[in-house]
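[1] Just the structure for this:
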Amino acid sequence: MEDIQLIQKTIVLVSTLDTKGSEVAFLKDMIQKRGHRVILMDLNTGGEPSISPDISAKEVAEAGGGNIETIRKIKDTAKVSSIMIEGAIKKVKGLSENADLDGIISIGGASNTANATAIMKSLPFGISKVMLSSTAAMPAYAGGYFGTKDITMIHSVVDIAGLNPLVQDLLQRAAGAICGMVEMGGGRSLTRTAWGKDLIALTEFKFSEECCSHIRSLLEQRGFDVIPFHAQGTGDRAMEELIGDGLFQGVMDIVPAGVGEELLGGNRAAGPTRLESAGEKGIPQLITPCGFDMLSCGPLERGDRGDPLWVSKNIKNRKLFIPDAFRVQARTNPQELREIAREVARKLNRAKGPIAILIPLKGWSSLDQEGMPLYDSEGDRAFLEELKIHIAPKTPIVELDLHLNNRAFAQEAVNQFLKLYGENQRRRG
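    All right, here's what the predicted structure looks like:
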């Protein structure tokens, strides 16, 4: 087998060097033996480091607007962490902007994991990120560690304290993980369209599968790379962030459901800035109302215990789709759909780029068609009426006498998007 010529990569290793010196030194040595450069950053606020860092805690503190000697006297842990995280983010962003960062890795328990993953989340998609943590499996923390970023978490199982045989084994595998990632990953090039194709973001979920599958195929035939995002809240939040980073040249927002879920308090809430990034970047976006026809409110036991959402929204008396005890979809009512329409219009009216809205008059999802559990043509009409009142006159609303999952609807969605894309290309010259 032919040997692969390795290209040296730069990896930042972040930890607290007053307590994790021996473990960090071991991990650094493993990475360097693979031929990569390690920049050691110290977040320690307890005392002098046991090994020498490349970026000292003093430098990190100063970058965060603090003084390390003063910080060490502060008893407010949250305040101290905030200063050190801010400083570390400035340091790693500086490396990234100077094309001097391919990956970042850290080790530790609850504090180190919270601080290090906060730093990792400041870096763009494609920069390899590995966290070896003894608290990775704690349900209350795990979602916060990941956020919307491409962070790889390794659960250490044992505490990372001392170089016993199990910890050494973990550190060797963590070194292998970050080295493998930076060697195989695209890294910095993911922030540019170096591969020669424009990227189109596409939102989808189970109830739009047929439509979105056909859209992907049609766009790929046209020479685009299509990046799908599962519109379950976290996926579309991540999409908004990546659009803001300039990664995409257009958006097929087939399932903007996160806007409605955010307003109504559903499980797929996608944050207050959902449906805004594309408008701010001025890239073309095509929108349908798919997902506004339902509210994700499972598990079923929430109703049995009198959950406030179930009580305030009178969930038990609505049309429901319950495939199992965990997943519950409740039909949105006309009043809620009018509220969603106003919010959608408010967001889209601020957009700097071209927009089109496609309305499938025979239903917005596989659950919203005649004979299916969430079919409600009256509710659909309420949304459309309110949207027409509030949307800017320049934004076309295209009504099609089709169901969303009809292939003809997908074809027309692509046709409309290509018009927007062409218009945007001409406008930008």
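[2] Other residues contacting stretch 37-49?
    Contacts with stretch 37-49, where a contact means C-beta atoms under 8 Å, 6 or more residues apart in numbering, come from 8-19, 21, 24, 28, 31-32, 51-57, 60-61, 68, 71-72, 80, 84, 88, 91-92, 95, 112, 115-116. Quick note: C-beta positions are derived from backbone N, CA and C, even for glycine.
[3] And the residue nearest in space to the middle of the chain, how far from residue 374?
    What sits nearest the mean C-alpha location of the chain, by C-alpha atoms, centre = their mean, is residue 238, with 2.0 Å. When distance is defined by C-beta to C-beta, to the nearest Å, residue 238 is 27 Å away from residue 374.
[4] pretty sure residue 215 is touching residue 202, no?
    Yes. Between residue 215 and residue 202 there is a contact at 6.5 Å, judged by C-beta atoms under 8 Å.
[5] list residues touching both of these two?
    226, 252, 254.
[6] from those, which is closest to residue 211?
    Using C-beta to C-beta, residue 254 comes nearest to residue 211 of the shared contacts of residue 215 and residue 202, at 6.3 Å.
[7] now the closest one: how far from residue 263?
    19 Å.
[8] Tell me which of those two has more neighbours.
    For residue 254 versus residue 263, neighbours defined as other C-beta atoms under 10 Å are more numerous around residue 254 (28 against 20).
[9] For the more buried one, what are phi and psi?
    Note on residue 254: its backbone torsions stand at phi -70, psi -30 [degrees, to the nearest 10].
[10] same deal with residue 128?
    The phi/psi pair for residue 128 (degrees, to the nearest 10) reads phi -60, psi 140.
[11] again with residue 270
    The phi and psi values for residue 270, taken as degrees, to the nearest 10, are phi -110, psi 20.
[12] wait, isn't it in contact with residue 255?
    No. Counting by C-beta under 8 Å, residue 270 does not reach residue 255; the two are 10.1 Å apart.
[13] Overlap in contacts, the two.
    The overlap between the contact sets of residue 270 and residue 255 (C-beta under 8 Å, 6+ apart) consists of 231, 236.
[14] who has more neighbours, the two?
    Comparing residue 270 with residue 255 by other C-beta under 10 Å, the one with more neighbours is residue 255, at 31 against 27.
[15] From what I see, the more buried one and residue 204 are in contact.
    Yes. Using C-beta under 8 Å, residue 255 is in contact with residue 204, at 5.7 Å.
[16] any residues in contact with both of these two?
    Contact criterion C-beta under 8 Å, 6+ apart; residues shared by residue 255 and residue 204: 212, 231.
[17] how about the residue lying closest to residue 234 once chain neighbours are set aside, what does it touch?
    Nearest-residue entry for residue 234: residue 148, 5.9 Å, with adjacent residues in sequence omitted and distances by C-beta to C-beta, 6 or more residues apart in numbering. Residue 148 makes contact with 121, 234, 237, 238, 241, according to C-beta under 8 Å, 6+ apart.
[18] Could you rerun that using 6 Å?
    Under the criterion of C-beta atoms under 6 Å, 6 or more residues apart in numbering, the neighbours of residue 148 are 234, 237, 238, 241.
[19] can I get those residues in a markdown table with pLDDT, secondary structure and distance to residue 293?
    Formatted as a markdown table, the entries for the contacts of residue 148 read as follows, by pLDDT from 0 to 100; DSSP: H, G, I helix; E, B strand; the rest coil; distance: C-beta to C-beta, whole Å:
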| residue | pLDDT | secondary structure | distance to residue 293 |
| --- | --- | --- | --- |
| 234 | 88 | helix | 21 |
| 237 | 92 | helix | 21 |
| 238 | 90 | helix | 24 |
| 241 | 91 | helix | 26 |
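[20] will you turn those residues into TSV that also has distance to residue 362?
    Output for these, formatted as TSV (distance: C-beta to C-beta, whole Å):
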residue	distance to residue 362
234	30
237	30
238	31
241	34
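[21] how close does the residue nearest to the centre of the chain get to residue 251?
    With C-beta to C-beta as the criterion, residue 238 and residue 251 are 13 Å apart.
[22] Ok, residue 204 next?
    Distance of residue 204 to residue 251, given as C-beta to C-beta: 12 Å.
[23] Isn't residue 261 up against residue 268?
    Yes. Residue 261 is within contact range of residue 268, at 4.1 Å (criterion: C-beta atoms under 6 Å).
[24] More neighbours: which of these two?
    Ranked by neighbour count (other C-beta under 10 Å), residue 261 and residue 268 place residue 261 first, with 28 against 25.
[25] helices and strands around the helix or strand hosting the more buried one, which ones?
    Per DSSP states H and E: residue 261 is located in helix 257-264. Packing partners of helix 257-264 (3 or more C-beta pairs under 6 Å, 6 or more residues apart in numbering; DSSP states H and E): helix 334-348.
[26] For the closest residue in space to residue 224 that isn't next to it in sequence, name its beta-bridge partners.
    Of all residues not flanking residue 224 in the chain, residue 200 sits nearest, at 4.9 Å (C-beta to C-beta, 6+ apart). In this entry, residue 200 is beta-bridged to residue 226, residue 250, by DSSP bridges.
[27] what's residue 200 in contact with, if anything?
    Residue 200 touches 219, 224, 226, 250, counting by C-beta under 6 Å, 6+ apart.
[28] show me where the stretch 251-400 of the chain has helices.
    Secondary structure of the stretch 251-400 of the chain, counting by DSSP state H, counting those that start in this stretch: helices at 257-264, 277-281, 301-304, 308-312, 334-348, 377-390.
[29] among the helices and strands of this protein, which one scores worst on average pLDDT?
    helix 139-146 (a mean of 73; mean pLDDT, DSSP states H and E).
[30] Show me how far it is from its chain's centre.
    Taking the mean of its C-alpha atoms, helix 139-146 sits 14 Å from the chain's own mean (C-alpha atoms, centre = their mean, to the nearest Å).
[31] Would you check that residue 119 makes contact with residue 87?
    No. Using C-beta under 6 Å as the test, residue 119 is too far from residue 87 to be in contact (9.6 Å).
[32] Please work out how many residues are found near residue 138.
    Each residue near residue 138 was counted by other C-beta under 10 Å, and the total is 14.
[33] Kindly report the same for the one 4 residues further on.
    The criterion is other C-beta under 10 Å. On that basis, residue 142 has 15 neighbouring residues.
[34] Disregarding residues adjacent in the polypeptide, which is nearest to it?
    Distances taken as C-beta to C-beta, 6+ apart put residue 136 closest to residue 142, at 6.7 Å, once the chain neighbours are dropped.
[35] mind checking the SS state of that neighbour?
    Following DSSP: H, G, I helix; E, B strand; the rest coil, residue 136 is assigned to coil.
[36] State the pLDDT value of it.
    Note on residue 136: pLDDT of 80.
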